[in-house]
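**Q** No sequence on hand, only this structure:
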DNA sequence: CAATAGATGCGATCAAATTGCAATAAGCAA
DNA sequence: TTGCTTATTGCAATTTGATCGCATCTATTG
């Protein structure tokens, strides 16, 4: 089982982090789920996997992951952070104001906008965050 | 001085809110400053105006303003909320990762993107939030 | 398998935000 | 202007998300 190609040890080794049960499980969560997770969701998920972890540990894990560039921290106007894999580029979030569901939207192009900003303002864009709020398909009945 | 056209009483009356000193000052702040404010900035501003207000009151005021549609609550990944006038449409924020300054960017067009979302996903966009992170002109030396 | 540097658990703590309740003041009618 | 009514505020307590210090534990390496 050691060094199993799907157990996320590779990703953790790459950034010089020890492969602990909680870290492996959290990496797996991010690779399987397409919704950005908050800390409570990760705690619940670990519980189901029979892995006990203190909330403080989860906070430390996602912070370490974010520092190491594995994940990205985002705010969706909820008073808490969510986390998602950092290598998900150019995708944005569709947040339903009725049911709260979060859906990914890929293949967006805002390159032109970023070039515009560079030209007009001299501001050098490193990254951006774009969220759409509205009513999702299934809530429009 | 009563009902002075610039003292914001009109806006407050329109949404059936009493014109208290703190509310008037906060409305004036939003009309003069173009940066979204957090609660601490509002407290500091009120202090300068010799208006004493409890933090809890400021939180209540910005929440009420947001409920009434005067202001909008936004998160810039800082672990706290900021507020800005709700009638500032189609503008986005350029956030410098070096100095923390927040600059407005107007005249952006993402209409096409919203139409795309409606077509591809059936998601009905009501509003969006777009933040650019990078290095501002004066921090590029 | 032992050594050790890194990770975790636990409790305390911090900061942002909210709430209950008594005191206060804005708006309105007389 | 005065007094009434009800919205608003101040204060203290509380909630929630997040962080930290430190002793203990454990993943890695030799």
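**A** Good, I have the coordinates. Predicted model only: the values in this text are computed from it and were never measured. Numbering: from 1, shown residues only, chains lettered A, B, ... in the order given.

**Q** I'd like to know which residues of chain A are adjacent to DNA strand C.
**A** A:17-18, A:20, A:22-23, A:52-54, A:56-57, A:60-61, A:64, A:79 (CB under 7 Å from any atom of the strand). C-betas here are computed from N, CA, C, even on glycine.

**Q** Recalculate using a threshold of 6 Å.
**A** For chain A, the residues in contact with DNA strand C (CB under 6 Å from any atom of the strand) are A:17-18, A:20, A:22-23, A:52-54, A:56-57, A:60-61, A:79.

**Q** Just the buried residues out of these, in ChimeraX syntax.
**A** Buried residues within the residues of chain A next to DNA strand C, by 16 or more other CB atoms under 10 Å in any protein chain shown, are selected in ChimeraX with:
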select /A:17,22,23,53,61
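
**Q** where exactly do the strands run in chain A?
**A** Applying DSSP state E to chain A gives strands spanning A:71-75, A:81-85, A:92-96, A:102-105, A:124-135.

**Q** if I look at residue A:61, how far off is DNA strand D?
**A** Distance from residue A:61 to DNA strand D, counting by CB to the nearest atom of the strand, to the nearest Å: 10 Å.

**Q** let me redo that: residue A:8
**A** Taken as CB to the nearest atom of the strand, the span from residue A:8 to DNA strand D is 11 Å.

**Q** Roughly how far does the residue nearest the centre of chain A sit from residue B:15?
**A** Residue closest to the average C-alpha location in chain A (CA atoms, centre = their mean): residue A:84, at 0.7 Å. With the distance defined as CB to CB, to the nearest Å, residue A:84 ends up 37 Å from residue B:15.

**Q** Read off the pLDDT value for the residue of chain A positioned farthest from its centre.
**A** Each residue of chain A has a distance to the centre, and by CA atoms, centre = their mean the biggest one is for residue A:120: 31.1 Å. Predicted confidence (pLDDT) for residue A:120: 92.

**Q** now do residue A:5
**A** For residue A:5, the predicted pLDDT is 43.

**Q** And residue A:2, by the same measure?
**A** For residue A:2, the predicted pLDDT is 34.

**Q** Show me chain A divided up by domain.
**A** A:9-85, A:92-139 (automatic domain parsing).

**Q** Around DNA strand D, pick out the residues from chain A.
**A** Taking CB under 6 Å from any atom of the strand as the measure of proximity, chain A contacts DNA strand D at A:18, A:19, A:20, A:38, A:39, A:56, A:59, A:63, A:79, A:80, A:81.

**Q** what's the farthest-apart pair in the residues of chain A next to DNA strand C?
**A** Spatial extent of those (CB to CB) is set by the pair A:18 and A:79 at 31.7 Å.

**Q** what's the burial count for the closest residue to residue A:138 other than its chain neighbours?
**A** Excluding the flanking residues, the one nearest residue A:138 by CB to CB, 6 or more residues apart in numbering or on different chains is residue A:99, at 7.6 Å. Residue A:99 sits with 11 neighbouring residues when counted by other CB atoms under 10 Å in any protein chain shown.

**Q** Got phi/psi on residue A:99?
**A** In terms of degrees, to the nearest 10, the main-chain angles of residue A:99 are phi -110, psi -10.

**Q** which ones are touching it?
**A** Taking CB atoms under 8 Å, 6 or more residues apart in numbering or on different chains, we find residue A:99 in contact with A:136, A:138, A:139.

**Q** now do residue A:61
**A** A:22, A:23, A:26.

**Q** same deal with residue A:141?
**A** By CB under 8 Å, 6+ apart, residue A:141 lies in contact with nothing.

**Q** Kindly recompute the last result at 10 Å.
**A** A:98, A:135 (CB atoms under 10 Å, 6 or more residues apart in numbering or on different chains).
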